[in-house]
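In: coords please:
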Amino acid sequence: MARGRIVMTMKKLLFFVTVLITAASCTKELEPSAADNHTLTISAGFERDAADGTKTYMKDYAAGTIWWGNTTQDKTLFVFDGSDTKNTFTSNSEQSEAIRRFTCDNWSGGDWKLAVWTGRNAGSDQCSLSGNILTGSTLKVNNPQTVSNSNSFNNTSNIAVMKPGDGSLKNVFGYLRFTLPTYPETTLAAIKSVVLSADENVAGDVRIDYSGANPVTTIIANGSTALTLNTRYKDSGPTGYEAGTVFMILPAGTYHHAKLTITPFTSTPNTQDATTGTPFTLDCNGDLVIQRGKYTDCGTLPAKKPWPNDSDAFDYGLSAGSTRKANISGLLGAQGAISEPVLHNGVTYGGPGMNYYGNRILSQKVASEWSTEYPDVIPASRYFSFKINRPGTVRFYPAPASKDGDVLRVPTYHLAVVTIVDGVTTAKIVRTFTPEASDIADGTISANRQDANVYSDDWQHFWVSIAISEEDIKGIDSAATVYLYHRNTAVNTLAVNYWPLEWTVAD
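Out: Prediction:
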C-alpha cells in the first residue's frame, strides 16, 4: 500500500574506533596461587566514538564518554582459554568508569583466546565457543528493548568481543539512532515506543563468527522482522518517560522496505499509564544500512505522522501561512470551451461544461456528471481540483450569471476531498457553503467581471473562503485531492464565473 515517504533522512554517520593504547589494553597479570592456578586480570573498555558513543552506559553523553555501570552484568566478563573453556571474570569496582579490571582467581594458566561481554551474569549466560564461533541460547538481539540509561540504550542488549591485541571490546551489533521529541510544554518524551520492521529479520538468536578481522553476527533462530524499542520511564526528577537521543541495537546488514512504526502519547507522559494514540508508520527512504560498531542516524522522530511532501501538490514548497494563486493565463492558448479535463499550473479544470475567457472560468453546475467510483461526491466534469499536502483554505471569487427573471440563482459550493490513509482510498464532501443572495456578485453585470474591481477592497466581501481542516485529511499517505464545484438541485442551469483560485497553507 502507498505510504507517506519518511520526512526524516537516514544519514549514516561514520563511527570510528579509538584504540585505547594503555588504559584499554588487555593485560595479563600472573600471580602465584594454589596448585597450578593463577590470578589473571584483564582490563578493557569499549570501542567508542570520541563524540557520540555506543554503550553500555554513558557517564557523560555530551562528551561521548562510555563507562561501565554498576550493575552485576557490567561487572562480569567471560573469557575462553585455548581449549574453548569458559571462565568467569568479575570486577569489584563500585564506581562507573570507562576502563574496568576483571579478574579470575582460578585461571588454569596459558594464554586466553577470546573475551565476551554479553550483558548477563554468570548464572544466566549460556554462551559457548567452538573454534572462532560463539553460540548459545542467551546470544540474541533482545526484543523488545527498553532504554536503561539517559541518552543510551538497553544496557543488557549489547554484546562485545575481544581477542588479545584488539585493544578494546568490539561491539558485534550495529545501531539505529534517533531522538525522541518532547511532549508539548514538558521535558518528557512524546513517543512511547518505536518498532523497526523490514523484509529481513532484525531480531532473534544469533551466532557470532570471529574468525576474521571483525566479528560477524548472523541470526540463526527465532527470527523476527519487527524489533521494538521502548522509551525509558523514570520514577524520579522529573517523573515520566524520558526524551533524548537513544539507540536501537540490531545486527549489521542491509534491510529492505524498512519502516518505523511510532506510538505517540496523547496525554502528558508523567505516569506509566499515560494514554497513547494510534500508531503511525514511516517508510525509510531507500535501503536501511546498519554497520557493525556504527550507527545510522534517523534524526528527531515526529510525534505525529508528518504531512506528505508530494512535489505535484498545489501547496508544494509553501511555508505555513503562505498563499499560492492559480494562474490561468494561456490555459488553452485562446479562449473557448474546455472539452476535457486540463491540468494547468497545478489546478485541473474539469471540462466539458466549462469555458475559458482569459481571466476567468465559466462553469456550469454539477447535475448528473458524477464519477463512477464516487457518485454524488466526486464529479466527472464541471469542477476545479488540485492536490494538497497539508490543511489550509481555498479562496475564490464567484460571480453567478444565471437568473430567474431579475433574481440570481444561488449556488451551493461543495468542497470534496479524496484521501489515501493506510492504503485505503476515501472520498467525502467536507464542506458546503450557500451564500446569502445579498452576498453574491452578479456575474451578468460588467463591473463585477472587471479584474480591477474583483481584486479591490470594495469587492472583497464577495470572495468565498472554505477551509480544509487537519481532521479532514488526517493520516494521509500522499497528497489529498480537493474538488471544488457548485450545485443547485432546484434549477436546470446555473453558470458561475470563477477567478483564479488561491490556496493558503494553515499555520
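In: Show me which positions of stretch 171-185 end up buried.
Out: By 16 or more other CB atoms under 10 Å, the buried positions in stretch 171-185 come out as 171-183. All C-beta spots, glycine's among them, are computed from the backbone N, C-alpha and C.
In: what's the pLDDT at the residue nearest to the spatial centre of the chain?
Out: Centroid-nearest residue in the chain, with CA atoms, centre = their mean: residue 282, separated by 4.5 Å. For residue 282, the pLDDT comes out at 90.
In: got it, and residue 72?
Out: On pLDDT, residue 72 comes in at 87.
In: Near it, how many other residues are there?
Out: Using other CB atoms under 10 Å as the criterion, residue 72 is surrounded by 13 other residues.
In: and the nearest residue to residue 359 once chain neighbours are set aside, how far is that from residue 231?
Out: Among residues not flanking residue 359 along the chain, residue 451 sits closest, at 5.6 Å (CB to CB, 6 or more residues apart in numbering). As judged by CB to CB, to the nearest Å, residue 451 and residue 231 stand 57 Å apart.
In: which one of those two has more residues nearby?
Out: residue 231 (24 against 12).
In: Against residue 122, how distant is that one?
Out: Note on residue 231: its distance to residue 122, by CB to CB, is 31 Å.
In: how about residue 94, what does it touch?
Out: residue 70 (CB atoms under 8 Å, 6 or more residues apart in numbering).
In: for it, helix, strand, or coil?
Out: With DSSP: H, G, I helix; E, B strand; the rest coil as the basis, the three-state label of residue 94 is coil.
In: how does this structure divide into domains?
Out: 11-300, 323-505 (automatic domain parsing).
In: Quick one: closest of these to residue 310.
Out: Ranking the domains of the chain by proximity to residue 310 (CB to CB) places domain 323-505 first, at 4.0 Å.
In: For the residue nearest to residue 110 when sequence neighbours are not counted, the count of nearby residues, please.
Out: Leaving aside its chain neighbours, residue 110 sits nearest to residue 82 (5.4 Å; criterion: CB to CB, 6+ apart). Residue 82 has 12 neighbouring residues, counting by other CB under 10 Å.
In: I'd like to know how far the closest residue to residue 124 other than its chain neighbours sits from residue 111.
Out: In space, and not counting its chain neighbours, residue 124 is closest to residue 138: 6.6 Å by CB to CB, 6+ apart. Residue 138 sits 26 Å away from residue 111, taking CB to CB as the criterion.
In: Name the residue in those two with the higher neighbour count.
Out: Higher neighbour count among residue 138 and residue 111: residue 138, with 13 against 9, using other CB under 10 Å.
In: isn't the more buried one right next to residue 121, touching?
Out: No: counting by CB atoms under 8 Å, residue 121 is not a contact partner of residue 138; they are 10.6 Å apart.
In: tell me the strands in the stretch 1-150 of the chain, going along the chain?
Out: 11-13, 38-44, 57-60, 65-67, 76-81, 86-90, 100-107, 112-117, 128-130, 133-135, 140-141, 145-146 (DSSP state E, counting those that start in this stretch).
In: can you tell me which of these comes nearest to residue 348?
Out: Across the strands of the stretch 1-150 of the chain, closest to residue 348 is strand 11-13 (CB to CB), at 37.0 Å.
In: mean confidence for that closest one?
Out: 30.
In: Then stretch 444-454?
Out: Here the average pLDDT along stretch 444-454 is 96.
In: Stretch 231-243 now?
Out: 93.
In: CA-only coordinates of that stretch, as CSV, when you get a sec.
Out: Output of stretch 231-243 as CSV, limited to C-alpha atoms (Å, rounded to 0.1, in the frame of the first residue of the first chain):
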residue,chain,number,x,y,z
THR,A,231,11.1,4.7,26.0
ARG,A,232,12.7,4.8,29.4
TYR,A,233,10.3,5.5,32.3
LYS,A,234,11.9,7.5,35.2
ASP,A,235,10.3,7.4,38.6
SER,A,236,12.2,10.4,39.9
GLY,A,237,13.1,14.0,38.9
PRO,A,238,11.1,14.6,36.7
THR,A,239,8.8,11.5,36.8
GLY,A,240,7.8,10.3,33.4
TYR,A,241,9.0,8.9,30.1
GLU,A,242,12.4,10.4,29.1
ALA,A,243,13.1,12.3,25.9
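In: Okay, buried residues for it please.
Out: Buried-residue list, stretch 231-243, by 16+ other CB under 10 Å: 231-233, 240-243.
In: Closest to residue 323 out of these?
Out: Among those, and counting by CB to CB, the member closest to residue 323 is residue 243, at 35.1 Å.
In: returning to what we had before: helix, strand or coil: sort out the residue nearest to the centre of the chain for me.
Out: strand.
In: roughly how far apart are it and residue 181?
Out: For residue 282, the distance to residue 181 - CB to CB - is 14 Å.
In: try residue 241
Out: For residue 241 relative to residue 181 (CB to CB), the value is 12 Å.
In: Give the intersection of the neighbour lists for these two.
Out: residue 189.
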